[in-house]
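[1] my questions concern the predicted model and sequence given below.
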Amino acid sequence: MNMGLGKTKLYLELVRFSHTLFALPFALASMLVAASGLPSWRVFVVILVCMATARNSAMAFNRLIDARFDAQNPRTAKRHIPAGLLSQTQVKWFIATNGILFVAAAGTLNQLALLCAIPVWCFLLSYSYWKRMSWTCHLFLGLAIGLSPLGAWIAVRGEFAWFPGLLGLMLALWITGFDIIYATQDEAADKALGLHSIPVRFGTPLALRIAAGTHVVMLLVSCVLGLLFHLSWLWWGMVLTIALLLTYIHYFRTSSDLDRMNRDFFLANVFISILCFLGLAAETFLMNGVSFVSRI
């Protein structure tokens, strides 16, 4: 039993399961709006399964194909595959199992969800190759994660819509900026290994300014979302809170410690995601009710 729990813990650490909190609140907020409240328990559980298995697949695949690079980077040399905690075969089985579960779960929802499942799964996995080809890899990661609100919407309604698309774009821009900052830790190692990133292409100081610009665009998208769908003061209060938080982190921190900045952004990311969920949940249940949902 202890061996089984220990192996499960290794797999959860491999995919950094706690980071699911980045996208999950956005997906759940989209789900609530799409359902005009709570969907059925079956749909809710399937959405959670799809979110977890899709991310598990993508993250594990990234660890698998990056193993030889991770082994040469002092910051990542202790990750599970280079450190020998999990074998490549074990990780391949983990990826395949989660991929099958993702497609099977999506297939229980509706026809559009089933049709999208395999292309979306392949898209998520393909992110891992972009850092070998282009410094735009951060945007690609953001778009991959930004699909989650649209996926949750399709799970409930079986159709595309502008609302989850804009919500997903907001999430994508936030993740893109965060990933640029995260990549500054590996500028020297990535350059030596021939990998691409914005810090490698432009240097860390300019990369941090690009990240800040990305987050400014994210705030603009959130304003467009609020104006298009006539969201209440709850949404605008959330946007203002996010703007103040980002302003502090980008411009008023006195420390130049990148490790501390990454920790700050991790906590801010969780906070922003949860705040977005609470704002849209309150919008759906407390403020405008059906009249809000009917505008979507």
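    Yep, that arrived. Numbering: from 1, shown residues only.
[2] quick one: low-confidence ranges for the stretch 151-296 of the chain?
    Applying pLDDT under 70 to the stretch 151-296 of the chain flags residues 252-259, 261-262, 286-296.
[3] all helices for it, in order.
    Assigned helices in the stretch 151-296 of the chain, in chain order: 162-183, 187-193, 198-202, 204-228, 233-247, 258-282, 289-293 (criterion: DSSP state H, counting those that start in this stretch).
[4] got those helices as CSV, with mean neighbour count and distance to M133 columns?
    (Each C-beta comes from the backbone N, C-alpha and C, glycine too.) As requested, the helices of the stretch 151-296 of the chain are exported to CSV (neighbours: other CB atoms under 10 Å; distance: least, CB to CB, whole Å):
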stretch, mean neighbour count, distance to M133
helix 162-183, 24, 15
helix 187-193, 16, 13
helix 198-202, 21, 12
helix 204-228, 18, 18
helix 233-247, 17, 29
helix 258-282, 18, 25
helix 289-293, 14, 41
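[5] will you turn these into JSON lines that also has distance to S126?
    Formatted as JSON lines, the helices of the stretch 151-296 of the chain follow (distance: least, CB to CB, whole Å):
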{"stretch": "helix 162-183", "distance to S126": "16"}
{"stretch": "helix 187-193", "distance to S126": "19"}
{"stretch": "helix 198-202", "distance to S126": "19"}
{"stretch": "helix 204-228", "distance to S126": "21"}
{"stretch": "helix 233-247", "distance to S126": "29"}
{"stretch": "helix 258-282", "distance to S126": "23"}
{"stretch": "helix 289-293", "distance to S126": "34"}
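[6] quick one, which of those gets closest to N98.
    helix 162-183 (20.3 Å; CB to CB).
[7] between that closest one and helix 204-228, how big is the angle?
    170 degrees (axes from the mean of the first three to the mean of the last three CA atoms, to 10 degrees).
[8] CA-only coordinates of helix 162-183 in PDB, if you can.
    What follows is helix 162-183, C-alpha atoms only, in PDB (Å, rounded to 0.1, in the frame of the first residue of the first chain):
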ATOM      1  CA  TRP A 162     -17.400  34.400 -27.700                       C
ATOM      2  CA  PHE A 163     -17.600  34.500 -23.900                       C
ATOM      3  CA  PRO A 164     -15.400  31.500 -23.200                       C
ATOM      4  CA  GLY A 165     -13.200  32.500 -26.000                       C
ATOM      5  CA  LEU A 166     -12.400  35.900 -24.500                       C
ATOM      6  CA  LEU A 167     -12.100  34.400 -21.000                       C
ATOM      7  CA  GLY A 168      -9.700  31.800 -22.500                       C
ATOM      8  CA  LEU A 169      -7.700  34.600 -24.200                       C
ATOM      9  CA  MET A 170      -7.500  36.400 -20.900                       C
ATOM     10  CA  LEU A 171      -6.100  33.300 -19.300                       C
ATOM     11  CA  ALA A 172      -3.700  32.700 -22.200                       C
ATOM     12  CA  LEU A 173      -2.200  36.100 -21.900                       C
ATOM     13  CA  TRP A 174      -1.700  35.800 -18.100                       C
ATOM     14  CA  ILE A 175       0.000  32.400 -18.500                       C
ATOM     15  CA  THR A 176       2.200  33.700 -21.400                       C
ATOM     16  CA  GLY A 177       3.500  36.500 -19.200                       C
ATOM     17  CA  PHE A 178       4.000  34.200 -16.300                       C
ATOM     18  CA  ASP A 179       5.900  31.700 -18.400                       C
ATOM     19  CA  ILE A 180       8.200  34.400 -19.800                       C
ATOM     20  CA  ILE A 181       9.200  35.400 -16.300                       C
ATOM     21  CA  TYR A 182       9.600  31.700 -15.300                       C
ATOM     22  CA  ALA A 183      11.900  31.200 -18.300                       C
END
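[9] right, I'll leave it there.
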